[in-house]
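Peer 1: Sharing a model prediction with you, sequence too.
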Amino acid sequence: MPAESHATETAVDSTSEDAPLLEVKNLRTEFRTRSGRVVASNDVSFTLDRGETMGLVGESGAGKSVTARSILQLIESPGEITGGQVLFKGEDLLERTEAEMGPIRGKEIALIPQDPMSSLNPVLTVGKQIVETVRRHQDVSGAAARERAVEAMRDVGIPDAEERVDDYPHQFSGGMRQRVLLAIGLSCQPDLIIADEPTTALDVTTQAKILDLINDLQETKGMGVLMITHNLGVVAQTCDHVGVMYAGNLVETAPLETLFDAPRHPYTRALIDSIPKVDVSYDELPSPEGSMPDLGELPAGCNFAPRCPYATDECRTAGDPTLEAVGGSPSSAACIRADELDLRESATPALAGTGRDTVDRSGDPLFEVRNLRKYFNAGGGVLGGVTLSRDDGLLPQVERQQVKAVDGISFDIYPGETVGLVGESGCGKSTVARTALHLMSPTSGEVYFDGQPLHELDGSAVRSLRTEMQMIFQDPQNSLNPRKTVGQIIGRAVEKADVAHGAEKRQRVRELLERVGLSGDAAERYPHEFSGGQQQRVAIAHALAAEPRLIVCDEPVSALDVSVQAQILNLLNDIQAERSIAYLFISHNIGVVRHSCDRVAVMYLGKIAEFGTVAEVFSPPFHPYTESLLSAVPHADPRQVTDRILLEGSVPSAIDPPSGCRFQTRCPRKAGAVCETDVPELEAVADGSGHHISCHLSVEEMSERRSFVEPQGRLD
Amino acid sequence: MAAEASVVERLRPTTAQRERIARFAVRVRANTKAEIGLAIVLALVLVAIFAPVIAPYSISKTDISHRSEAPSVAHPFGTDSLGRDIFSRVVMGSRISLYVGFGSILAALAIGTVIGVIAGYLGGLTDELLMRMMDAAMAFPPVLLALTLMVVLGPDLSNVILALAFVYTPYIARVARSAALTERNESYVEAAVARGESNRRIIFSEVLPNCSAPLLVQGSLNISFAILAEASLSFLGLGAQPPTPSWGLMINVGSGFMDTAPWILIFPGLAIGITVIGFNMLGDGLRDVLDPKVDTVAA
């Protein structure tokens, strides 16, 4: 194709070495909607130098991704870049036509997309997908390109790159697929990498590894990295320079340390404050009020003014402030009071308190699970996963492969208590919840609710007990029927539980909505008219409607923005205090579990590795898995360095779990052959202690590290 | 009294429902294909309703002196071999086509949706049994199956509706099943189970309303097939019987005069074409409007 070869010649030449690698000036991107134009990226300006990592943080809808995509002109209709410049090595990329952008994308600037599951083509081998990129930009033979692909895979730490180059994406785990995406990005040695939430879809232990990898690669190759994330922990671990976005505007830019030590914009302060610190106990989690305004209905003054504790009348009326340098500091902030405000200290120190009240566990548990097992048949269909085997000359035997999602789990919950279930994805947390509630029937095991054996009751008896046990789901958008109004959804639950009928029912719905912080008129509206946080409030009201005694919360905040998470968690805590409801709280987020639970069970591959109160689990002795899980959580504080324990490989298949201890294949502290042969029992750490660990190591050996919940010294 | 009031209250659309309908209307208006399709279908419905007023002559009045006349001011579409006004017959024929199209597909929707949603939601053996039955019916070409049924039932317009309803039920059931399969995995269904709802209520009150979008699309596409099938059956003499002004029948009669008086079959043919295109465009447009993934205007 002649057009293409011509385009290849016009790649940006690196003559203008003195210009910054990337300079974005007053970039403006708008979207046409039926209700007029919405500015998704409003006069954004920043500079990124070679070898530097710049972070763009903000809540969802703040305009981070739009800004990044505008740099590569990847905005599709109805979006449109309406102004500004994107100077890449001194040349304005916005003046290039679509065809002329070809040699830039992938070769000079690589984009690492967010979702490793859907960003790779499932019908092409990963090698082919890397080769594709290489050959698009470089005039090399197929064999040489393949060489490059293997090299790139080795660079990103994919073991056995040579053998795995011909594997298909589904043969890789999530973390490995993210590495493949990185390898594609790196294959042409770009000067700039735009990483759009590269670790959001990954587990903490995998996230830690990928972030380390990006840091290493950036140092050895001297690239610039634009890191887009909502997670301040990720920013603190990787960036040199940070831009904070809010409602389409860049509201503050600052070097990393300055941003965390002396933020200049009240929103930055609020964002930092909204992350609960692991070593502080809270009576109530810090949460900024309200949520980000809809881009179509921005307030008259400063966009943040309605939520800002420092807002004056001038802030509310005098238009949206522009980003300006703040005197005596390297920061710039879009705040008219930036010079006078002192935001070095958290605005919410008073919230630190004694933490959760102690739970009375003298009586009988409300909910008890003993030896719960749930096996799924591997493979679909009636004959899926069935194998015929004939051993020792005996008759042929039919064997069915089974996924042991939950394999012998026991725990109990007392009235008014919150028990957390943590673990990486695929460890069986959600299956435990559904099996315990009999939404799925367990393979074996006993479940007692208030002394009644659920496993012996028939369908209708279980159904009548359902009102006592409710569930809150991860994604509020899916858990509310889109064809019904909020009033119909909650009203049905009120009616079903025989709490109230008719006019009394409508009154009850209003009360419930008001209890969860919505207006009573919300009953008239449909779920999709609400934001994610509000939808989750509706889901909570729905769960409360039946006046249950136990609520299973399956990742109730993981689909929500940080600032909204704290609001929902506080609401759940308040409701628990009022009605002494017990929660089974499932989460992969260690920080959330730390502040919302009384006791925690750490799960690995269908078994409980450690069980005890939060203080016990987060302090020594540690199960080696708990230890690595806790150490992998990125701290939202650039100065706090934890020596991380990175786990090798990924979680093994539950079809054929490792012999002995299930964690032995990845355990950094494997004791020896005993780990491979004997299954460790979940044993009390000391006589009479509620702290149980399932490990062959001695208590002393598991106690070498300091606690994760006591205040820690900063490493300056 | 109180019960009556609550029924009235339930039937009256709430503000939110009205807004929802208004939004849907705006989206249809924004989609050219849906808009044109809707315009054609609405025009057809109006023609069918006011057919006796529009048609200038009786459909059965023969006039030997004006046999096989070419289109003129008096007879805009000409006359057929018996001297009947073709314009009047085409206008009145719209009633037959729409009657058969809507009648058969509404019946197919009623039965097919229930079968499909039950199969999709319950899964397992129920699904296998119901869907294998549907597959068996689908294994025959639609018109051939309808022909066979017409031979058994006897040529009559209401039998045409019966036969076509039977033929198109499996297609509706397939679509309903796949929609229900998707919805079954949404967590609002799980929330309903956790609330202690019965299967029956979950299927009809929670799952079914969420399957309406693909069914609406499939329904309007199938109406055009049904109209075409009715024309085929009538053309073959197994559908409407003379002197019913069925378009298919008119083409059948007109095929003998193709060389001498082509207008006898051209105009009913055009009418069939426009009707089929109208319902097809409406169905296609609705698919775009109702499927957020094909949406080109930001939501």
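Peer 2: Happy to help now that I have it. Given the structure is predicted, the values throughout are model-derived calculations rather than measurements.

Peer 1: Please give the element, helix or strand, for the closest residue to chain B within the stretch 101-250 of chain A.
Peer 2: Across the stretch 101-250 of chain A, no residue is closer to chain B than residue A:118, which sits at 13.3 Å (CB to the nearest CB). Yep, even glycine has a C-beta here, placed from its N, CA and C like the rest. Assigned by DSSP states H and E, residue A:118 falls within no helix or strand.

Peer 1: What distance do you get for it to residue A:175?
Peer 2: To residue A:175, residue A:118 is 15 Å away according to CB to CB, to the nearest Å.

Peer 1: Which positions in the stretch 151-299 of chain B make contact with chain A?
Peer 2: B:186-188, B:190-198, B:206, B:209-210, B:212, B:296-298 (CB under 8 Å from any CB of the partner chain).

Peer 1: Quick one: buried ones out of these?
Peer 2: Buried residues within those, defined by neighbour count using 16 or more other CB atoms under 10 Å in any protein chain shown: B:186-188, B:190-197, B:206, B:210.

Peer 1: which ones are touching residue A:55?
Peer 2: Contacts for residue A:55 (CB atoms under 8 Å, 6 or more residues apart in numbering or on different chains) come out as A:227-229, A:234-235, A:238-239, A:241-243, A:256.

Peer 1: If we use 10 Å, what do you get?
Peer 2: Residues near residue A:55 by CB atoms under 10 Å, 6 or more residues apart in numbering or on different chains: A:64, A:195, A:225-229, A:231-232, A:234-244, A:253, A:256, A:259.

Peer 1: Quick check: bridge partners of it?
Peer 2: Listed beta-bridge partners, residue A:55: residue A:227, residue A:242 (assigned using DSSP bridges).

Peer 1: So for the chain, the centremost residue is which one?
Peer 2: Since you didn't name a chain, this refers to chain A. Geometric centre of chain A, nearest residue: residue A:200, 5.0 Å, by CA atoms, centre = their mean.

Peer 1: Switch to chain B, please.
Peer 2: Short answer for chain B (CA atoms, centre = their mean): residue B:223, at 2.3 Å.

Peer 1: thinking again about what came up before, in strands, which of the contacts of residue A:55 fall?
Peer 2: The members of the contacts of residue A:55 that map onto strands under DSSP state E are A:195, A:225-229, A:241-244, A:253.

Peer 1: can you pick the most crowded of the residues you listed?
Peer 2: Neighbour counts for the ones in strands among the contacts of residue A:55, by other CB atoms under 10 Å in any protein chain shown, peak at residue A:227, which reaches 30 neighbours.

Peer 1: so where's chain B shaky on pLDDT?
Peer 2: B:1-17, B:291-299 (pLDDT under 70).

Peer 1: Which residue lies closest in space to the closest residue to chain A within chain B, excluding its sequence neighbours?
Peer 2: Residue nearest to chain A within chain B: residue B:196 (3.5 Å; CB to the nearest CB). Take residue B:196 and drop its neighbours on the chain: the residue closest to it by CB to CB, 6 or more residues apart in numbering or on different chains is residue A:466, 3.5 Å away.

Peer 1: where do the helices sit along the stretch 501-650 of chain A?
Peer 2: Secondary structure of the stretch 501-650 of chain A (DSSP state H, counting those that start in this stretch): helices located at A:502-515, A:532-545, A:562-579, A:590-596, A:614-617, A:624-632.

Peer 1: so does the longest one get close to chain B?
Peer 2: Right, helix A:562-579. No - judged by CB under 10 Å from any CB of the partner chain, helix A:562-579 stays clear of chain B, getting no closer than 16.4 Å.

Peer 1: can you count the residues close to the residue of the stretch 401-550 of chain A found nearest chain B?
Peer 2: Nearest to chain B in the stretch 401-550 of chain A, going by CB to the nearest CB, is residue A:466, at a distance of 3.5 Å. Counted with other CB under 10 Å, the neighbours of residue A:466 add up to 21.

Peer 1: Provide a list of residues in contact with it.
Peer 2: A:437-439, A:496-497, A:546, A:548, B:193-197.

Peer 1: And what about residue A:371, helix, strand or coil?
Peer 2: Using DSSP: H, G, I helix; E, B strand; the rest coil, the structure places residue A:371 in strand.

Peer 1: What of residue A:681?
Peer 2: coil.

Peer 1: what are the ranges of the helices in chain B?
Peer 2: B:2-11, B:15-30, B:32-49, B:51-54, B:86-122, B:124-138, B:142-153, B:157-184, B:187-195, B:199-201, B:208-210, B:212-235, B:247-254, B:263-290 (DSSP state H).

Peer 1: For these, give me a markdown table that also has distance to residue A:40.
Peer 2: Output for these, formatted as a markdown table (distance: least, CB to CB, whole Å):
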| stretch | distance to residue A:40 |
| --- | --- |
| helix B:2-11 | 41 |
| helix B:15-30 | 21 |
| helix B:32-49 | 27 |
| helix B:51-54 | 53 |
| helix B:86-122 | 38 |
| helix B:124-138 | 44 |
| helix B:142-153 | 49 |
| helix B:157-184 | 30 |
| helix B:187-195 | 30 |
| helix B:199-201 | 42 |
| helix B:208-210 | 30 |
| helix B:212-235 | 28 |
| helix B:247-254 | 52 |
| helix B:263-290 | 24 |
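
Peer 1: can I assume residue A:185 is in contact with residue A:113?
Peer 2: Yes - contact between residue A:185 and residue A:113 holds when scored by CB atoms under 10 Å: they sit 9.3 Å apart.

Peer 1: more neighbours, the two?
Peer 2: residue A:185 (25 against 18).

Peer 1: Can you name the residues that contact residue A:372?
Peer 2: Neighbours of residue A:372 in contact, by CB under 10 Å, 6+ apart: A:406-411, A:428, A:431-432, A:435-436, A:442-447, A:455.

Peer 1: Please read off the pLDDT at residue A:628 from the model.
Peer 2: Each residue has a pLDDT score; the one for residue A:628 is 87.

Peer 1: who's in contact with it?
Peer 2: With CB under 10 Å, 6+ apart, residue A:628 has these contacts: A:204-205, A:208, A:622, A:644-647, A:663, A:666-669.

Peer 1: try 6 Å
Peer 2: By CB atoms under 6 Å, 6 or more residues apart in numbering or on different chains, the contact set of residue A:628 is A:645, A:647.

Peer 1: what does chain A put close to chain B?
Peer 2: A:31, A:33, A:78, A:439, A:463, A:466, A:471, A:473, A:478-481, A:483, A:485, A:493, A:496, A:524-526 (CB under 6 Å from any CB of the partner chain).

Peer 1: Those residues in strands, which ones?
Peer 2: Using DSSP E, these in strands are A:31, A:33, A:471.

Peer 1: Drop anything exposed from these.
Peer 2: A:31, A:471.
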